[in-house]
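> Dropping the sequence and predicted coords here.
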Amino acid sequence: MSTATKRVDVSELINNNRVGSMQILIIVVCGLVATLDGFDLQQMSFVAPVLAKLWHLKPAELGPTFSAGLFGLMIGALISGPIADRVGRKIVVIYSCFAFGLFSLLTVTSHDIHTMLVFRILTGLGLGGSMPNIIAITSEYSPKRWHKTMVSVMFIGVPVGAVVGSLIATAVMPTGGWQSMFYIGGIIPIILGVVFAFTCPESVRFLVVRNRPAPRIAKVLNRVVPGSSFSESSDFYLPEKKLDGVPVAHLVSKGFMGNTILLWIVFFMNLFITYFVTQWLTTVLAKVGFPLSQTLIAIALLEGGGAVGGIIIGIYGDKRSMKGILIWAFLLNAVALVLISLVSNAAVLLTLIFIAGLLFVGAQFGINGLAASVYPTSVRSSGVSWALGVGRIGSIIGPTLGGLILPALGSPTQMFMIAAIPSVVAAFAMIPLKTKDYEEVTSAASTVSAS
């Protein structure tokens, strides 16, 4: 096919063509980067109890070891989005992987809680830059009809990373000590950064918005679109307006402010639940008499449920209504969490943990795709990164609050009842959210072109 003398609508081209092998590769590589988030989440849940014994720490003192990395994640997310909207998604992901790996390796030099906290912040700073940008890249290479599904499939890497982290911890920590987790957590992201650099192309939509040379855009499209042969003389454009200036300022402008604030509330509430439940799950189950083998099963069920729920929510969101299924997911999750706090039978408890993971972990898949769809290309990384950054505030408060209230509860499982409250808030915040894709409301007469 030759398009040398024609204008090429890059958005329409991606939307109307089938998903090719390069797009599948992009999902896989971005998904591998996503595993780092899940690995990091479980890493501290296993390391923290060991450090508590070695350094004689109380539960309230352990909370900051969880929150320090999350604070770094928050700062990394807030900073990386605006940078990526100017210099590119790919380069930010690569440097984020390298930074995460380097500071993970340096963490093994920690000799007390204070040095551990510093390295956890720096490690989180590196990791925080990768998540919003792999979401943006996956979104920008996805046809609109599969957009939320493809983001959800990519995001399976997070629960996979959590499960793998649990398995690695049980295999290496008895002989390698807590340091072994950080050696592994340092080497893997550096390798992934190199793999990402050589396999994943820069977002082609970003290249158009930032007026990159047409030959570069043509080269990427010829890799992505099956059977294409675009020439360097083609005129590539997107049917959307380029938003100049400070990207973050546009997020709170008249056109986006309502959705931005509501997304921030939803992200805050759901990440509060995610980290509140996940990082204290092993401790709570141990306190009610679960053996280690069953706590590992509980973690696998929670994360496995999240993977299943994420795919279901992504597919439903593309075919019908993402908003509707997310509202129901949050409400039903509240019910599941309350039931977890009331039951004592192990089989029923594990079943409810799977259901809760399906709902609140799966919902995170959905809102990631949703955030990527409501902002235009020129501020998409900023939109996703600030939603994740604000959400990370919830993820910081969650584990810290857990450490403070756990000793005061009549039963440790009552923590799950507390987690039901933000799930209800998230459901109500979804109701006024305008969830129509940006591409559906943008004016076709307002275009940005690269040549």
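Cool, the structure landed.

> all strands of the stretch 201-350 of the chain, in order?
Residue ranges of the strands in the stretch 201-350 of the chain, as given by DSSP state E, counting those that start in this stretch, are 235-238.

> Spatially central residue in the protein, please.
By CA atoms, centre = their mean, the mean C-alpha position of the chain lies nearest to residue 131, the distance being 5.1 Å.

> Return the per-residue confidence for that one.
Predicted confidence (pLDDT) for residue 131: 92.

> same deal with residue 16?
89.

> Check the gap between it and residue 80 for me.
31 Å (CB to CB, to the nearest Å). Quick note: C-beta positions are derived from backbone N, CA and C, even for glycine.

> These two: who's more crowded?
More crowded of residue 16 and residue 80, by other CB atoms under 10 Å: residue 80, with 29 against 12.

> which residues of the chain score low on pLDDT?
1-5, 59-60, 63, 436-451 (pLDDT under 70).

> Give the burial count for the residue nearest to residue 177 when sequence neighbours are not counted, as a bare number.
What sits nearest to residue 177 in space, not counting adjacent residues and going by CB to CB, 6 or more residues apart in numbering, is residue 50, at 7.8 Å. Residue 50 has 14 neighbours, counted by other CB under 10 Å.

> next one: the one 3 residues further on
Applying the criterion other CB under 10 Å, we find 8 residues in the vicinity of residue 53.

> what residues are up against the residue nearest to the centre of the chain?
Contacts for residue 131 (CB atoms under 8 Å, 6 or more residues apart in numbering) come out as 34, 37, 73, 77, 388.

> one more time with 7 Å
The contact partners of residue 131, by CB atoms under 7 Å, 6 or more residues apart in numbering, come to 37, 77, 388.

> need the contact list for the first one.
Under the criterion of CB under 7 Å, 6+ apart, the neighbours of residue 37 are 127, 131, 158, 161.

> Ok, the second one next?
By CB under 7 Å, 6+ apart, residue 77 lies in contact with 128, 131, 132, 385, 388, 389, 392.

> Go again with 10 Å.
Contact analysis of residue 77 by CB atoms under 10 Å, 6 or more residues apart in numbering lists 124-125, 127-133, 381, 384-392.

> Work out for me the element it sits within.
Counting by DSSP states H and E, the element that carries residue 77 is helix 59-87.

> Mind giving me the packing neighbours of the following helix or strand past that helix?
Following helix 59-87 in sequence order, the next helix or strand is helix 89-107 (DSSP H and E). Using 3 or more CB pairs under 10 Å, 6 or more residues apart in numbering; DSSP states H and E, the elements in contact with helix 89-107 are helix 21-55, helix 59-87, helix 113-128, helix 131-140, helix 179-199, helix 204-209, helix 380-405.

> quick one, which of those is packed in tightest?
Sort those by mean neighbour count, taking mean count of other CB atoms under 10 Å, and helix 131-140 sits at the top with a mean of 29.

> Just the CA atoms of that helix, as CSV, please.
Extracted in CSV, the C-alpha atoms of helix 131-140 (Å, rounded to 0.1, in the frame of the first residue of the first chain):
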residue,chain,number,x,y,z
MET,A,131,3.8,2.9,35.5
PRO,A,132,1.9,5.9,34.0
ASN,A,133,4.0,5.8,30.9
ILE,A,134,3.6,2.1,30.1
ILE,A,135,-0.2,2.7,30.5
ALA,A,136,0.1,5.7,28.1
ILE,A,137,2.2,3.7,25.5
THR,A,138,-0.2,0.7,25.6
SER,A,139,-3.2,3.0,25.3
GLU,A,140,-1.7,4.9,22.4
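
> quick revisit: chain center to the helix holding residue 77: distance?
Its chain's C-alpha centre and that of helix 59-87 lie 12 Å apart, by CA atoms, centre = their mean, to the nearest Å.

> correct me, but residue 382 touches residue 245?
No. Using CB atoms under 10 Å as the test, residue 382 is too far from residue 245 to be in contact (11.3 Å).

> what's the overlap in contacts for these two?
Common contact partners of residue 382 and residue 245 (CB under 10 Å, 6+ apart): none.

> so who does residue 55 touch?
61, 62, 65, 110, 111, 112, 113, 116.

> Nearest residue to the third one in space, ignoring adjacent ones along the chain?
What that stands for is residue 65. Closest to residue 65 by CB to CB, 6+ apart is residue 48, at 5.3 Å.

> circling back to that earlier point, now render the contacts of residue 37 as a markdown table, adding distance to residue 255.
Formatted as a markdown table, these follow (distance: CB to CB, whole Å):
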| residue | distance to residue 255 |
| --- | --- |
| 127 | 31 |
| 131 | 25 |
| 158 | 31 |
| 161 | 36 |
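
> Could you single out the nearest of the residues you listed to residue 200?
Set against residue 200, the nearest of these by CB to CB is residue 131 (14.7 Å).

> Who are the packing partners of the helix or strand that contains residue 354?
Assessed by DSSP H and E, residue 354 sits inside helix 346-356. Helices and strands touching helix 346-356, by 3+ CB pairs under 10 Å, 6+ apart, are helix 257-287, helix 292-319, helix 322-342, helix 414-430.

> and the angle for it with helix 257-287?
Interaxial angle, helix 346-356 versus helix 257-287 (axes from the mean of the first three to the mean of the last three CA atoms, to 10 degrees): 160 degrees.

> Tell me the buried residues in helix 346-356?
Within helix 346-356, the residues that count as buried by 16 or more other CB atoms under 10 Å are 346, 349, 350, 351, 352, 353, 354, 355, 356.

> And stretch 315-324, by the same measure?
Buried residues in stretch 315-324 (16+ other CB under 10 Å): 315, 316, 317, 318, 322, 323.

> if we can go back for a sec, closest one to residue 270 out of the contacts of residue 37, please.
Nearest member of the contacts of residue 37 to residue 270, counting by CB to CB, is residue 158, at 12.9 Å.

> to the chain's geometric centre, what's the distance from the helix holding residue 354?
24 Å.

> And for stretch 367-386?
12 Å.

> Tell me how far the closest residue in space to residue 138 that isn't next to it in sequence lies from residue 340.
Nearest residue to residue 138 in three dimensions, chain neighbours excluded: residue 154, at 4.6 Å (CB to CB, 6+ apart). Separation of residue 154 from residue 340 (CB to CB): 29 Å.

> more neighbours, the two?
Per other CB under 10 Å, whichever of residue 154 and residue 340 has more neighbours is residue 154, with 29 against 25.

> So what's the residue count around residue 112?
As a burial measure, residue 112 scores 11 neighbours (other CB under 10 Å).
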